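Chemist: Turn this into a structure:
(2 chains)
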Amino acid sequence: MNAGTLQHFFAMGGYAGYLWPAYAVFFIVLLADFVAPALRRRRLMHELRSRLARKAARQPRPAPTPTEPA
Amino acid sequence: MSKWIPLWLHKLGSPPTFYRFAGALRPWMLALALLTGAIALYGGLVTAPADYQQGDAYRIIFIHVPSAWMSLFIYGVMGFAAFLALVWRIKLAEVVAMESAPIGAAFTFITLVTGSLWGKPMWGTWWTWDARLTSELVLLFLYLGVIGLYHAFEDRRQGARAAAFLALIGIINVPIVHFSVNWWNTLHQGSTIRLLGPSTIAPGMLWPLLTMMLATKFYYLASLFGRVRTDLLDLESGKDWVRKIATGETPQ
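Modeler: Numbers count the residues shown, from 1 in each chain, chains lettered A, B, ... in the order given. The predicted structure is shown next:
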């Protein structure tokens, strides 16, 4: 594909100003739809882990098992 | 027969089972969406011929029409899940309904914007208050209403039930959007794809359109599964299966 046909492709018969923004909206909106839940999931996992860590810290430690007499 | 089917469905409806099921399927759905989407884009933008009336502007159809179909399809799924959620109080159905709403809203927004970008060169206007366009805008407001109502409650499940009720009422708008081009005089063209009888569209234009329709379906499943998984972890955060996932005892 040479530069001429590529230019012809991007010109879209003079409708480039309408066609490419439409395709851009399609991809940007779907990308946002995909990324936003992924970020939410990361936040949630972080929250769950810190909640578990706090819970573990609050619980009394198990009594140390006796080792050999001194 | 009737004994094992409900049991199988019942198991799939349990949050930990669905979490694993959705997690296993999601990468495949995403890969299929990207593959069929790329093929459809190549077909629509490169190999399909220009329209004899609209030139290359008609190529917006390859994203506009599949998005419009998805805006109605997702509403149908959301309405059905809302019904299950209201009648049987199935937690998974609530989650599917509530997590479908943002994806449906995204596709409805895309439909309206791409339609506007198509309307300007073809009709000479960005917007007109005709039946098809107005009912599609109402569809967007219904989605936004469901999302808003869901988040307006302190208790997530109470919010889901209120929003499910709204989703169920709003389903009346789906046939209105679909048949609006037949019921009222409109600037919007009628459908050219028919399930029954021959479609009035050239085959070179039809296959990229149908392929993109498949791609958007796969995308919806991939997005929905991801969203539902996160929501289930959040809703069941006190349960042991979630603890095991958070600590890494069981794989994510």
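
Chemist: Do me a favour and average the pLDDT over the helix or strand hosting B:A31.
Modeler: Applying DSSP states H and E as the criterion places B:A31 in helix B:15-42. Mean pLDDT, helix B:15-42: 95.

Chemist: Distance from that helix to the middle of the chain?
Modeler: 14 Å (Cα atoms, centre = their mean, to the nearest Å).

Chemist: For the very next helix or strand once past it, enumerate the helices and strands it packs against.
Modeler: Using DSSP H and E, the next helix or strand after helix B:15-42 towards the C-terminus is helix B:61-88. Packed against helix B:61-88 by the contact rule (3 or more Cβ pairs under 8 Å, 6 or more residues apart in numbering or on different chains; DSSP states H and E) you find helix A:16-58, helix B:91-123, helix B:131-151, helix B:156-170, helix B:173-183, helix B:203-235. Any C-beta I mention is one placed from the backbone N, CA and C, and that applies to glycine too.

Chemist: Quick one: work out the angle between the fifth one and helix B:61-88.
Modeler: Read that as helix B:173-183. Here helix B:173-183 points in a direction 140 degrees away from that of helix B:61-88 (axes from the mean of the first three to the mean of the last three Cα atoms, to 10 degrees).

Chemist: And helix B:173-183, what does it pack against?
Modeler: helix B:61-88, helix B:131-151.

Chemist: swap in the longest one?
Modeler: Using 3+ Cβ pairs under 8 Å, 6+ apart as the contact criterion, the elements in contact with helix A:16-58 are helix B:61-88, helix B:91-123, helix B:203-235, helix B:240-247.

Chemist: In TSV: those helices, plus mean neighbour count and mean pLDDT.
Modeler: Formatted as TSV, the helices and strands packed on helix A:16-58 follow (neighbours: other Cβ atoms under 10 Å in any protein chain shown; pLDDT from 0 to 100):
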stretch	mean neighbour count	mean pLDDT
helix B:61-88	21	95
helix B:91-123	23	95
helix B:203-235	21	94
helix B:240-247	17	90
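
Chemist: would you turn those helices into TSV with distance to B:G23?
Modeler: TSV is the format used below for the helices and strands packed on helix A:16-58 (distance: least, Cβ to Cβ, whole Å):
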stretch	distance to B:G23
helix B:61-88	19
helix B:91-123	14
helix B:203-235	6
helix B:240-247	10
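
Chemist: For B:A164, find the nearest of those helices.
Modeler: Closest approach to B:A164 among those (Cβ to Cβ): helix B:61-88, 3.6 Å.

Chemist: Low-confidence ranges, chain A, go.
Modeler: By pLDDT under 70, the weakly predicted segments of chain A are A:1-3, A:60-70.

Chemist: out of the helices and strands packed on helix A:16-58, which comes closest to A:D33?
Modeler: The nearest among these, by Cβ to Cβ, is helix B:91-123 at 4.6 Å.

Chemist: what inclination does the helix holding B:A31 have with respect to helix A:16-58?
Modeler: Going by the same axes, to 10 degrees, helix B:15-42 makes 160 degrees with helix A:16-58.

Chemist: Residue numbers of chain B in contact with chain A?
Modeler: B:45-46, B:50, B:55-57, B:59-60, B:63-64, B:67, B:102-103, B:106, B:109-110, B:113-114, B:117-118, B:120-121, B:219, B:222-223, B:226-227, B:229-230, B:233-234, B:237, B:242-243, B:246-247, B:252 (Cβ under 8 Å from any Cβ of the partner chain).

Chemist: Using the three-state scheme, assign B:W129.
Modeler: Three-state call for B:W129 (DSSP: H, G, I helix; E, B strand; the rest coil): coil.

Chemist: Can you get me a residue count around it?
Modeler: As a burial measure, B:W129 scores 7 neighbours (other Cβ atoms under 10 Å in any protein chain shown).

Chemist: For it, give its distance to chain A.
Modeler: 21 Å (Cβ to the nearest Cβ, to the nearest Å).

Chemist: Pop out the phi and psi values for that residue.
Modeler: For B:W129, the backbone dihedrals are phi -80, psi 60 (criterion: degrees, to the nearest 10).
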